[in-house]
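Asks: model the structure of this input:
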Amino acid sequence: MTVPKPSGKLKTRPSKPALRLRARAPARAASRKTKARKPAGRARSAGTVHVLSRFDLVLKNGRVVDPANGLDGVRDLAIKDGKIAAIATKIPADRAKKTRDVSGLLVLPGLVDTHGHIFEYISGDFGLNADEVGVHSGVTTVCDQGGPSALTINGFRKFIVEPSATNVKCFISAYLAGGLHGHRYVQLYGPSGVNVDATVNAAQKNRDIVRGIKVHAEVGGYTRWRLEVIKLAKEISRRLDLPIYIHLGRMWPNVDEKDVDPGLVIDELVPLLDKGDIIAHPFTHRPAGFVSASGEIHPLIFKALERGVRLDVGHGSHFSFQAAQIVLKAGIVPFTLGSDLHGNNVGKVRVGEGPAYGGETSPFAYSPTFSLYTGMSEMLALGLPEAHVLKMVTSNAAELLGMAGEVGSLGVGRTADISVVEIRKGKFTLTDRSNVSVKTDKLFRPVLALRRGVEMTLGSPLLPERERVAA
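Replies: Below is the predicted model:
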């Protein structure tokens with residue numbers, strides 16, 4: 001894909017020609033429940049819906065965008081019994097118990113955050129509340145990256161997955177310690193801290209929530225045990241037929257002050273990867289090997305992408321406009337976004353008061369609040385087309401999690417997980433972790449989130465002030 005030059009004045013890709021949709025009546029849909037559906041769920045063609053049954057809610061006059069099904073046009077969308085019941089050019093208001101006019105707003109599949117840290121309490125100050133990252137921030141599905149392990153997955157299910165309104169999934173940690181205090185204690189994360197059989201067994205018993213395996217490939221660990229942990233994680237991955245998600249970028253200090261070229265990590269990492277594996281933090285400002293100190297992309301990254309390895313932005317406090325511009329200029333576009341929200345990068349631990357990593361303040365400490373929506377705005381400001389930005393948090397995210405049949409699209413009969421989003425226009429400034437700022441004239445802002453057809457309150461303190469819904 002050709003990437004435009006970064007610009008504050010972005011041109012939105014024109015809407016695709018309007019599709020004519022025909023709604024399927026709920027009763028008829030129920031009678032066909034046993035028939036196989038295509039993974040994304042198909043929007044049905046219709047003009048005006050004439051049905052006798054009453055819908056629970058109709059969202060009227062919104063710009064319905066469903067990348068998975070190639071739909072982008074002004075439509076009404078009806079919900080009944082927690083499912084999408086109809087999508088049409090016009091659904092009579094008297095057919096609904098309740099209507100909401102969403103004129104001028106985007107009606108999207110519920111946003112999917114591929115990278116959060118939501119194992120609250122167990123992972124210490126690192127773990128955030130799942131619903132604050134999720135539905136109360138306008139995001140309906142959140143995947144925790146590496147919080148639960150073989151030892152703690154049952155607690156994750158009982159105390160995080162089950163009570164949360166948000167649809168919660170995870171990439172199970174390759175380490176028995178999981179994400180305790182944000183991987184603060186480096187001695188827990190070597191090969192001796194990995195038990196392949198235990199992790200495979202735990203993941204098999206929790207297949208409904210485990211979408212992959214989380215592991216790290218970074219310089220500090222490399223000076224201790226090279227990539228032995230990655231090799232063990234790949235054994236877990238292949239036995240489960242699930243991808244690994246690899247943190248790239250320094251976490252721990254080098255052992256004995258060894259000076260190591262971060263490029264060596266990439267040299268040894270890429271040959272170990274399979275199609276569908278995921279590398280995180282391609283836009284990081286930290287020594288990682290993805291972008292060298294001289295500003296060059298490691299040549300093996302291109303080889304990895306050719307083999308089907310995917311990239312997740314993994315925003316967090318890693319994100320750098322400068323690094324992003326280098327990567328995008330090379331023609332490399334991440335597949336998904338991922339907020340990488342955790343307690344140390346949203347002000348839960350203040351800068352200068354974070355946990356010690358080898359005697360240093362946490363490398364993740366970051367005061368300003370941000371959200372998945374902030375990352376979407378930054379992608380637009382960097383010049384990515386709006387259509388691709390929306391795919392990063394809907395259909396692409398669902399595919400990365402192996403959930404294309406469950407989330408990330410709008411189709412009659414699908415669960416009504418929906419995000420209603422405003423694109424605010426004005427003059428805005430976006431600033432990264434290195435205090436580099438970019439001007440933009442558009443910002444994404446959540447307006448409404450529906451989870452299984454139920455309206456969620458958008459009151460998360462993680463949302464920056466300018467992304468919050470006015471009282």
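Asks: what ranges does the stretch 101-250 of the chain have for its strands?
Replies: Secondary structure of the stretch 101-250 of the chain (DSSP state E, counting those that start in this stretch): strands located at 106-109, 111-116, 139-145, 167-173, 210-217, 244-248.
Asks: helices of the chain, start to end?
Replies: In the chain, the helices defined using DSSP state H lie at 26-31, 130-133, 153-156, 196-205, 219-225, 228-240, 263-269, 299-306, 321-329, 372-381, 386-392, 395-400.
Asks: before we move on, the earlier item: can you say which of the strands of the stretch 101-250 of the chain is nearest to residue 411?
Replies: The minimum distance between residue 411 and the strands of the stretch 101-250 of the chain falls on strand 106-109, with 9.1 Å, by CB to CB. Placement of C-beta: from N, CA and C, glycine included.
Asks: who does the closest one pair up with?
Replies: strand 57-66 (parallel), strand 418-431 (antiparallel) (DSSP bridges).
Asks: closest to residue 457 out of those?
Replies: By CB to CB (comparing all of the strands paired with strand 106-109), the closest turns out to be strand 418-431, at 13.6 Å.
Asks: between that closest one and helix 321-329, how many degrees?
Replies: Between strand 418-431 and helix 321-329, the angle comes out at 120 degrees (axes from the mean of the first three to the mean of the last three CA atoms, to 10 degrees).
Asks: quick one: mean pLDDT over strand 418-431.
Replies: Predicted confidence along strand 418-431 averages 96 (mean pLDDT).
Asks: same thing with stretch 73-91?
Replies: Per-residue scores along stretch 73-91 average to 97.
Asks: output the below-cut-off pLDDT ranges for the stretch 251-400 of the chain.
Replies: 257-258, 347-369 (pLDDT under 70).
Asks: before we move on, the earlier item: TSV for the strands of the stretch 101-250 of the chain, including mean pLDDT?
Replies: Supplementary listing: those in TSV, determined by pLDDT from 0 to 100:
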stretch	mean pLDDT
strand 106-109	98
strand 111-116	98
strand 139-145	98
strand 167-173	98
strand 210-217	96
strand 244-248	95
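Asks: out of those, nearest to residue 189?
Replies: Among these, strand 210-217 sits nearest to residue 189 (CB to CB), with 7.0 Å.
Asks: any idea which of the strands of the stretch 101-250 of the chain gets closest to residue 74?
Replies: Ranking the strands of the stretch 101-250 of the chain by proximity to residue 74 (CB to CB) places strand 106-109 first, at 9.5 Å.
Asks: so what touches the closest one?
Replies: If you take CB atoms under 8 Å, 6 or more residues apart in numbering as the criterion, strand 106-109 is touched by 59, 62-66, 68, 75, 77, 390, 394-395, 398, 407-410, 417-423.
Asks: please apply the same query to stretch 189-197.
Replies: By CB under 8 Å, 6+ apart, stretch 189-197 touches 150, 174-177, 183, 216, 221, 224-225, 228-229, 232-233, 235-236, 239.
Asks: list the buried residues for it?
Replies: 189, 193-195 (16 or more other CB atoms under 10 Å).
Asks: that stretch: end-to-end distance?
Replies: Terminal residues of stretch 189-197 lie 17 Å apart, using CA to CA, to the nearest Å.
Asks: cool, and stretch 143-159?
Replies: Across stretch 143-159, first to last residue, CA to CA, it's 15 Å.
Asks: what residues of that stretch count as buried?
Replies: 143-153, 156-157, 159.
Asks: also stretch 245-264?
Replies: Buried, per 16+ other CB under 10 Å, within stretch 245-264: 245-254, 262-263.
Asks: so where's the stretch 1-150 of the chain shaky on pLDDT?
Replies: Ranges of the stretch 1-150 of the chain meeting pLDDT under 70: 1-53.
Asks: residue 72 contacts residue 62, doesn't it?
Replies: No. The pair residue 72 and residue 62 does not pass the contact test of CB atoms under 8 Å, sitting 11.4 Å apart.
Asks: those two: who's more crowded?
Replies: Using other CB atoms under 10 Å, the more surrounded residue of residue 72 and residue 62 is residue 62, with 25 against 22.
Asks: which strand residues bridge that one?
Replies: With DSSP bridges as the rule, residue 62 is bridged to residue 75.
Asks: quick one: residue 327 and residue 246, what's the gap?
Replies: Per CB to CB, to the nearest Å, residue 327 is found 16 Å from residue 246.
Asks: what residues of stretch 445-459 count as buried?
Replies: 445-453, 456, 458.
Asks: farthest pair within these?
Replies: Longest span within the buried residues of stretch 445-459, CB to CB: 445 and 452, 23.1 Å.
Asks: and the nearest residue to residue 293 once chain neighbours are set aside, how far is that from residue 215?
Replies: Leaving aside its sequence neighbours, residue 293 sits nearest to residue 287 (CB to CB, 6 or more residues apart in numbering; 7.6 Å). Remark: distance between residue 287 and residue 215 (CB to CB) = 18 Å.
Asks: now swap in residue 204 and tell me
Replies: Distance from residue 204 to residue 215, by CB to CB: 18 Å.
Asks: then residue 410?
Replies: Residue 410 is 34 Å from residue 215, by CB to CB.
Asks: one more: residue 419?
Replies: The value you get for residue 419 to residue 215, if CB to CB is used, is 30 Å.
Asks: got it, and residue 190?
Replies: 12 Å.
Asks: residue 57 is in contact with residue 97, isn't it?
Replies: Yes. Assessed by CB under 8 Å, residue 57 is found in contact with residue 97 at 7.1 Å.
Asks: out of these two, which sits in the more crowded spot?
Replies: Shown here are residue 57 and residue 97; by other CB under 10 Å, residue 57 has more neighbours (20 against 10).
Asks: for that one, give me its contacts.
Replies: 78-79, 96-100, 450, 453.
Asks: how does it look with 10 Å?
Replies: 77-80, 85, 96-100, 416, 418, 450, 453-455 (CB atoms under 10 Å, 6 or more residues apart in numbering).
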